[in-house]
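S.K.: What would the 3D arrangement of this be:
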Amino acid sequence: MTTIVLRFDKPWIASTSPLVIRFTDDPIPEVPEVPINAGTIGMMCGIGIAIGPSVVQQLTIASATESHGIRLAPQWQVDYVKQLLTAKWQAKALLGVTASIGWRWNSLVLCKADLLWLVPDSHSVQAASLWLSPEAAQTMVEIPWRQSKATMQIIALGDMQGEFAATEVRLAYSDIGGSGDMQGIAWGPHAARWVCSSKYAPPEGKVTLRFNEAQVDNQSPIVLRFTPSPNVCYWDDGGGLIGTNPSLPPIDFKIPIEPQIRRSYLMQPQISCVRVSDGAVVVLKSVSIAKSRSQWASSGNVVFSSRIDAERAANELLKISINGYDFYLLCESPSESKGFGKQSFSATCRGRLVLLASPHKKASNYVNMASRSFIGLMSDIVANTGWSIASQITDFTVPAMAFSYATKTPAEALNMMATGIGAMLDVNDETQSITVIPQWPVVPWNTASAVPDVILHDGVILDFSEQVDIRPDANAVFVRGEQQGVAAKVKRFGTAGDNFCVDIVDKLITDNQAARMRGTTELANAGNKVQTSIRTKVLADLPPMRPGMLIGVRKGAEVFKSVCEGWSISASVSESTGQVTVNQTVTLLRNKDANGVAA
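M.R.: A predicted model of the protein is given here:
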């Protein structure tokens, strides 16, 4: 644990909370470029022992010295003598020897002592000492050493007390076929590995200290205690000029969809319609479907080939396939028109999410009685309906009693919540899933460095038109909640933040993340826009586009990128020839700078 001491030696004058502590990085020493990175040279040492037939190896060490000292502290009593012998050997930190010997001493009485050896858990030591007489003493220590694979070591010590002392050590190994010493030096880049550490990692950037309570009976210095960091691991892919592993691209990379440029495009458009409830076929003359960022469900219009088809589709969910792409529409309002020599049957439709709106669902009131996340509130609204909620935004917490609505259906409530934080609903009618995405996945001033979802070129563009949409400019906005919430000033990065648009007040602005998302949307909507309308085809490599996509358009040698504001698709069948025609149209928005140049 690391301790940092702050001492306040000067009075604190004209200063306000918070205090900012900045941890600067130590200067990085300049390392010369070498063919092999630093830290990639290692040494490998090892001892290899092969197990084989029983071979005995003995090592005898004999030494003599002129002096041999033992410190004795005898205590004499009437009928016996008590002697305490203490011996200490210098060994490793985990090894030590303590001997305690006590006996009754009559003329020539054998004595036995027990010795305790502190060794690792995987070893056991037994010691026995026999004393013959005070004049001549002999010590024998037998130590059986337990090791793995039936390896045994026996050490015998012989000690003769007198003018000279000799020590004999015998080492016996059993069940060892051969022993060897292997040493090797590895030269080159180190191998790839995981590196884990629990050392304290200082935070990057700045640390903010907030003193929210009065300082009572506290004296300088103030002590900050930093607990050890959790065990953090990172992947080291090895060193050297060429990595040990090939460099792999990230798995979340984005590749735009771009139709191939061909001399001619051969297409065979197809259109079909079935009733979802029982699969009954419904024959259509034409169909058109539209969706914009402000809509929570797509809208459509279908024209039937006969009265029977119109009756089959009335108040039913239809699955319409156009060039292999499926769309779901609920046929709600059938209509009939007649003229001289002709009669037509049609109906207006809406997307499948209309099943969560009127008249299929009644309006209700809602108040969050407990603290809940934003996505959690949405999930509560669609509970037990067969629909699910997904998110591509930063979730945040909504405090209890902060959010409520009155007389709204589930679909209207979901759309209101998404609009309140600057998001929109991306509905998948086939899987019945609703994804909350930002209205501007890429803000207009950052589209130059963004990767588009789809790229259109002249080969697939049938019609192209542009017009300028004049809007008031702004680079800052105030966003705040109602009874509960936060208040924040959101400004465009790199600007002075002095040109404000209309203040935004919404009950869902209960967190800085919500304020940032709503403020970003308001600033993205501000300023003059270039509205582009493009009509194109629906191909195997050009799927139907969706609102919120970033669309790139090749205009000559350059590519400009715009956000899809609206989309529509139309398909019709010729009564005379039976030819099917399919087109899709997208409406794009991008910024226009002060000089009149589209950006």
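
S.K.: residue ranges with poor pLDDT in the stretch 151-300 of the chain?
M.R.: Residues of the stretch 151-300 of the chain meeting the criterion pLDDT under 70: 151-190, 200-205, 214-220, 226-229, 239-252.

S.K.: hmm, 80 instead?
M.R.: Per-residue confidence for the stretch 151-300 of the chain (pLDDT under 80) gives these ranges: 151-193, 198-232, 234-254.

S.K.: the strands in it, which residues?
M.R.: Under the criterion DSSP state E, counting those that start in this stretch, the stretch 151-300 of the chain carries strands at the ranges 152-160, 165-169, 178-186, 193-197, 206-209, 222-226, 232-236, 271-275, 284-292, 299-304.

S.K.: Pretty sure M517 sits against T419.
M.R.: No: with contact defined as Cβ atoms under 8 Å, M517 does not count as touching T419 (11.2 Å). Quick note: C-beta positions are derived from backbone N, CA and C, even for glycine.

S.K.: neighbour-wise, which of the two wins?
M.R.: Counting neighbours by other Cβ atoms under 10 Å for M517 and for T419 shows that M517 has the greater number, 23 against 18.

S.K.: ok, and for the strand or helix carrying the more buried one, which residues are buried?
M.R.: Under the criterion of DSSP states H and E, M517 resides in helix 512-525. Of all the residues in helix 512-525, those buried under the rule 16 or more other Cβ atoms under 10 Å are 513-525.

S.K.: Nearest to E336, out of these: which one, please.
M.R.: N525 (41.6 Å; Cβ to Cβ).

S.K.: unless I'm mixing things up, the closest one is touching R471, no?
M.R.: Yes: in this structure, N525 is within contact of R471 by Cβ under 8 Å, at 7.3 Å.

S.K.: counting contacts, what elements does whichever helix or strand comes after the helix holding M517 pack onto?
M.R.: The element immediately downstream of helix 512-525 (helix or strand, assigned by DSSP H and E) is strand 529-536. Helices and strands touching strand 529-536, by 3 or more Cβ pairs under 8 Å, 6 or more residues apart in numbering; DSSP states H and E, are strand 461-469, strand 558-573, strand 580-591.

S.K.: Just want the angle from strand 529-536 to strand 558-573.
M.R.: When axes from the mean of the first three to the mean of the last three Cα atoms, to 10 degrees is applied, the directions of strand 529-536 and strand 558-573 differ by 50 degrees.

S.K.: Pull the residues that contact the following helix or strand past strand 529-536.
M.R.: Once strand 529-536 ends, the next helix or strand along the chain (criterion: DSSP H and E) is strand 550-555. Contacts made with strand 550-555 from outside it, assessed by Cβ atoms under 8 Å, 6 or more residues apart in numbering, are listed as 256, 441-442, 447, 450-458, 461, 532, 534, 545, 559-564, 586, 588.

S.K.: Buried ones among the residues you listed?
M.R.: In these, burial by neighbour count holds for 442, 447, 452-457, 532, 534, 545, 560-564, 586, 588, counting by 16+ other Cβ under 10 Å.

S.K.: For D463, which non-adjacent residue is closest in space?
M.R.: With Cβ to Cβ, 6 or more residues apart in numbering as the criterion, D463 has its nearest non-adjacent residue at 4.0 Å, and that residue is R535.

S.K.: Now do the helix holding M517: which elements does it pack against?
M.R.: Under the contact criterion of 3+ Cβ pairs under 8 Å, 6+ apart, helix 512-525 touches strand 433-438, strand 476-480, strand 487-491, strand 504-505.

S.K.: how much does the longest one deviate in direction from helix 512-525?
M.R.: Think strand 433-438. With the same axes, to 10 degrees as the basis, strand 433-438 and helix 512-525 are set at 70 degrees to each other.

S.K.: just checking, what packs against strand 433-438?
M.R.: For strand 433-438, the packing partners by 3+ Cβ pairs under 8 Å, 6+ apart come out as helix 374-381, strand 388-391, strand 423-428, helix 512-525.

S.K.: buried stuff in the host helix or strand of Y366?
M.R.: Element membership of Y366, judged by DSSP H and E, is strand 364-367. Taking 16+ other Cβ under 10 Å as the neighbour-count basis, strand 364-367 is seen to contain no buried residue.

S.K.: ok, and what's touching that strand?
M.R.: Here strand 364-367 makes contact (Cβ under 8 Å, 6+ apart) with 381, 401, 403-409, 413.

S.K.: and with 6 Å instead?
M.R.: With contacts defined as Cβ atoms under 6 Å, 6 or more residues apart in numbering, strand 364-367 is touched by 404-406.

S.K.: ok, these vs Y265, which is closest?
M.R.: Lowest distance from Y265 to the contacts of strand 364-367 (Cβ to Cβ) belongs to Y405, with 48.9 Å.

S.K.: helix, strand or coil for the closest one?
M.R.: What DSSP: H, G, I helix; E, B strand; the rest coil gives for Y405 is strand.

S.K.: Give the burial count for it, as a bare number.
M.R.: 16.

S.K.: That one: what's it in contact with?
M.R.: Each residue near Y405 by Cβ under 6 Å, 6+ apart is listed here: 366, 413.

S.K.: Would you quantify the distance from the closest residue to P547 other than its chain neighbours to T532?
M.R.: Leaving aside its sequence neighbours, P547 sits nearest to R293 (Cβ to Cβ, 6+ apart; 4.5 Å). Between R293 and T532 the distance is 15 Å, computed by Cβ to Cβ, to the nearest Å.

S.K.: Same check on I308?
M.R.: I308 sits 42 Å away from T532, taking Cβ to Cβ as the criterion.

S.K.: how much space between the residue nearest to S533 when sequence neighbours are not counted and L284?
M.R.: Among residues not flanking S533 along the chain, S465 sits closest, at 4.8 Å (Cβ to Cβ, 6+ apart). Spatial separation of S465 from L284 under the definition Cβ to Cβ is 29 Å.

S.K.: okay, these two: which has more neighbours?
M.R.: Taking other Cβ under 10 Å, S465 and L284 do not tie; L284 has more neighbours (20 against 9).

S.K.: In the beta-sheet assignment, what are the partners of the more buried one?
M.R.: L284 has the following beta-bridge partners by DSSP bridges: F304.

S.K.: wait, it sits on Q270?
M.R.: No: if you go by Cβ atoms under 6 Å, L284 and Q270 don't touch, sitting 11.8 Å apart.

S.K.: hmm, back to that, can you list the helices and strands packed on strand 529-536 in JSON lines and add distance to L224 and mean pLDDT?
M.R.: As requested, the helices and strands packed on strand 529-536 are arranged in JSON lines below (distance: least, Cβ to Cβ, whole Å; pLDDT from 0 to 100):
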{"stretch": "strand 461-469", "distance to L224": "54", "mean pLDDT": "93"}
{"stretch": "strand 558-573", "distance to L224": "47", "mean pLDDT": "93"}
{"stretch": "strand 580-591", "distance to L224": "47", "mean pLDDT": "94"}
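
S.K.: Include distance to C501 when you put those into TSV, please.
M.R.: Listed next are the helices and strands packed on strand 529-536 as TSV, based on distance: least, Cβ to Cβ, whole Å:
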stretch	distance to C501
strand 461-469	16
strand 558-573	19
strand 580-591	15
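
S.K.: do you know which of those lies nearest F396?
M.R.: With distances scored as Cβ to Cβ, the stretch of the helices and strands packed on strand 529-536 nearest to F396 is strand 558-573 (23.9 Å).

S.K.: Okay, angle between that closest one and strand 284-292 too, please.
M.R.: 150 degrees.

S.K.: From A476, how far out is the residue nearest to P472 when sequence neighbours are not counted?
M.R.: Nearest residue to P472 in three dimensions, chain neighbours excluded: A526, at 6.4 Å (Cβ to Cβ, 6+ apart). The span separating A526 from A476 equals 10 Å under the rule Cβ to Cβ.

S.K.: Report the rounded mean pLDDT for stretch 474-481.
M.R.: For stretch 474-481, the mean per-residue pLDDT is 94.

S.K.: Check what contacts that stretch and list those residues.
M.R.: Outside of stretch 474-481, the residues within contact range by Cβ under 6 Å, 6+ apart are 487-492, 495, 497, 499-501, 503-505, 509-510, 515, 518-519, 522, 526.
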